[in-house]
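Q: okay, predicted coordinates and the sequence, questions at the end:
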Amino acid sequence: MTPTNKLPNPSMDDLLQALQAKYDQVKLGGGIKRIEKEHEKGKLTARERIDYLCDKETEFLEIGAFVADGMYEEEGGCPSAGVVTGIGYVSGRMCVIVANDATVKAGAWFPMTAKKNLRAQEIAMENRLPVIYLVDSAGVFLPKQNEIFPDKEHFGRQFRNNAKMSAMGIVQVAAIMGSCVAGGAYLPIMSDEAMIVDKTGSIFLAGSYLVKSAIGETIDNETLGGATTHCEISGVTDNKYDTDQDCLDAIRRIFDKLGHNPKAGFDRAELQKPGMEGRELIASFPVDRVKPYDMLQIVKGLVDAGDFDEYKEEYGKTLICGTGRIEGWAVGIVANQRKIVKNAHGEMQMGGVIYSDSADKAARFIMNCNQRKIPLVFLQDVSGFMVGSKAEHGGIIKDGAKMVNAMANSVVPKFTFILGNSYGAGNYAMCGKAYDPRLIYSWPTAQMAVMSGAAAANTLLQIKVSGLKKQGKVISPEDEQRLLGEITSKYNEELSPYYAASRLWVDGVIDPRETRKVISMGIEAANHAPITERFNVGVIQT
């Protein structure tokens, strides 16, 4: 059960404390004893390596901290999927860093480890960012090999991405700082430069035990694939270093001399303070998911100086569209308005619901942002599209399709944040994971599903009861309530933002006060990749 489930009526402070506690636990990886064992070998842990490598007083944006949370429990768990990934700065250069965590099952690859590594490579490719691999892995976790080995988005896809990034001119540097075995050996050697730490780093297609079994040769791992072997005999690695620190220093020197590429040209002015200070922003957002509030306050709280130019303010009021700046970067914002509003005909419209006029407005705004080369930020608190005969007769499907089409074909970078509800087709229209946001994060108040917990539970209960009655079983009111409780409990667990983060449906769960940082670093990363495509919405009815 997640922290959200443990608190019957949590406040925002409760949720933030639970988030911090959960992250503090994740940062321990395989635990204190495993960390001490790495130190006894003279090695740094994955997070210590990243801390040492990154420029001091710069931000590191972690991606996938809660991946595999609550999964692989029979195997003892796999915190952060046994790998730490994110965007940081090395010698002043923004880059993607991938570091195996040897405190977690010796850095073995679980199915979610592969998914997380591929996500890191995807971010590097989309944003044309150089990649640093800090390799320390025992290879594929064999009991799960059928879930990680043969499919398109499995283990082998990372080597394909190595080759693709090389062809794209994306610099990749690898440091072998521990084990690197079997198929995993290709990752560092397909990089532009491969270095190795003496006595602790080793790389081979098969270790000494397998070699003995396969061909009868008796040899130790160091002679088979240690630093001296590969730097002086095979030439597989380029240079060896005495310590982790020496190796990381060498990476910094490489990045200190990288050339510069063209930028995308997104506009940035001088940074200003946000419209709301942190506590005020948090206080403006209700934890109660059915309570209406004014999303415009949240938007103005996030943008620099609270300065927001709203687009079509009096039209399509259940969606807020407009432009502002975040940490100096020009952004276009599309946000669900949660308060009840009145349309031009004097009719009341429910907050968090997308109506035809709202969808039409958003589609036009997205087109404008593409024309002006302005990155898009989506703030989700959406129950879905309006239903009923009036909405259907008014063409809600057509207008919703226009919005989805414009959003899906947008060529400027998109960034998505799930603040509250993210239900059904509303998730899609507001740039859910399936629509390629450069980054997607949840607040701890987020809920993601096909429909709300109450609606889904009642629907599932009806299906369950109907099935039991067909079997001739009598269901008492007490049994119905018990079933409803069981279904609701399971469904609510799946609504949790940590459930989504565990499966990498989102890149993480963040404190709302971190939102500006994520957007700013995301746009800075995207600015490394010039836009080469023209915006075209394709064929759709108008």
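A: That came through, no problem.
Q: was I right about residue 105 contacting residue 80?
A: No. Taking CB atoms under 8 Å as the contact criterion, residue 105 and residue 80 are not neighbours in contact, 11.6 Å apart. Any C-beta I mention is one placed from the backbone N, CA and C, and that applies to glycine too.
Q: and the two? Which one has more around it.
A: The residue with more neighbours, out of residue 105 and residue 80 and counting by other CB atoms under 10 Å, is residue 80; that gives 25 against 22.
Q: mind checking how far the closest residue in space to the more buried one that isn't next to it in sequence is from residue 84?
A: The spatially closest residue to residue 80, leaving aside those adjacent along the chain, is residue 26, at 5.5 Å (CB to CB, 6 or more residues apart in numbering). From residue 26 across to residue 84, the span is 10 Å (CB to CB, to the nearest Å).
Q: who's more crowded, these two?
A: residue 84 (28 against 18).
Q: if I look at that one, how far off is residue 60?
A: With distances defined as CB to CB, the gap from residue 84 to residue 60 amounts to 9 Å.
Q: tell me, what's touching those two both at once?
A: The overlap between the contact sets of residue 84 and residue 60 (CB atoms under 8 Å, 6 or more residues apart in numbering) consists of 50, 97.
Q: go ahead and flag the most central residue of the chain.
A: For the chain, the residue sitting closest to the mean C-alpha position, by CA atoms, centre = their mean, is residue 507 at 1.5 Å.
Q: am I right that that residue is in a strand?
A: No. Membership of residue 507 in a strand is not supported by DSSP: H, G, I helix; E, B strand; the rest coil, which gives coil.
Q: my guess is it contacts residue 438. True?
A: No. Under the criterion of CB under 8 Å, residue 507 is not in contact with residue 438, lying 9.6 Å apart.
Q: low-confidence ranges in the stretch 401-542 of the chain?
A: Segments of the stretch 401-542 of the chain classed as low confidence (criterion: pLDDT under 70) are 451-457, 538-542.
Q: one more: the chain?
A: For the chain, applying pLDDT under 70 flags the ranges 1-9, 451-457, 538-542.
Q: do I have it right that residue 252 meets residue 91?
A: Yes. With contacts counted by CB under 8 Å, residue 252 reaches residue 91, the gap being 5.0 Å.
Q: any idea whether residue 99 is helix, strand or coil?
A: At residue 99 the chain is in strand, as set by three-state DSSP.
Q: meant to ask about residue 129, not that
A: For residue 129, the secondary structure call by three-state DSSP comes out as coil.
Q: check the burial of it by counting its neighbours.
A: 23.
Q: now residue 221
A: Applying the criterion other CB under 10 Å, we find 16 residues in the vicinity of residue 221.
Q: ditto for residue 483
A: Residue 483: 17 surrounding residues under other CB under 10 Å.
Q: packing partners for the strand or helix carrying it?
A: Secondary structure here is read from DSSP states H and E; on that basis residue 483 sits in helix 477-495. Judged by 3 or more CB pairs under 8 Å, 6 or more residues apart in numbering; DSSP states H and E, helix 477-495 is in contact with helix 3-6, strand 447-449, helix 453-470.
Q: CA atoms of it as PDB?
A: Written as PDB, here are the backbone C-alpha positions of helix 477-495 (Å, rounded to 0.1, in the frame of the first residue of the first chain):
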ATOM      1  CA  PRO A 477     -26.500  -6.600   0.500                       C
ATOM      2  CA  GLU A 478     -23.700  -7.300   3.000                       C
ATOM      3  CA  ASP A 479     -21.800  -9.400   0.300                       C
ATOM      4  CA  GLU A 480     -22.200  -6.500  -2.200                       C
ATOM      5  CA  GLN A 481     -20.700  -4.000   0.300                       C
ATOM      6  CA  ARG A 482     -17.800  -6.400   1.000                       C
ATOM      7  CA  LEU A 483     -17.100  -6.800  -2.700                       C
ATOM      8  CA  LEU A 484     -17.400  -3.100  -3.200                       C
ATOM      9  CA  GLY A 485     -14.900  -2.500  -0.500                       C
ATOM     10  CA  GLU A 486     -12.400  -5.000  -2.000                       C
ATOM     11  CA  ILE A 487     -12.800  -3.600  -5.500                       C
ATOM     12  CA  THR A 488     -12.500   0.000  -4.300                       C
ATOM     13  CA  SER A 489      -9.300  -0.700  -2.300                       C
ATOM     14  CA  LYS A 490      -7.600  -2.400  -5.200                       C
ATOM     15  CA  TYR A 491      -8.700   0.300  -7.700                       C
ATOM     16  CA  ASN A 492      -7.600   3.100  -5.400                       C
ATOM     17  CA  GLU A 493      -4.100   1.600  -5.100                       C
ATOM     18  CA  GLU A 494      -3.900   1.600  -8.800                       C
ATOM     19  CA  LEU A 495      -4.900   5.200  -8.900                       C
END
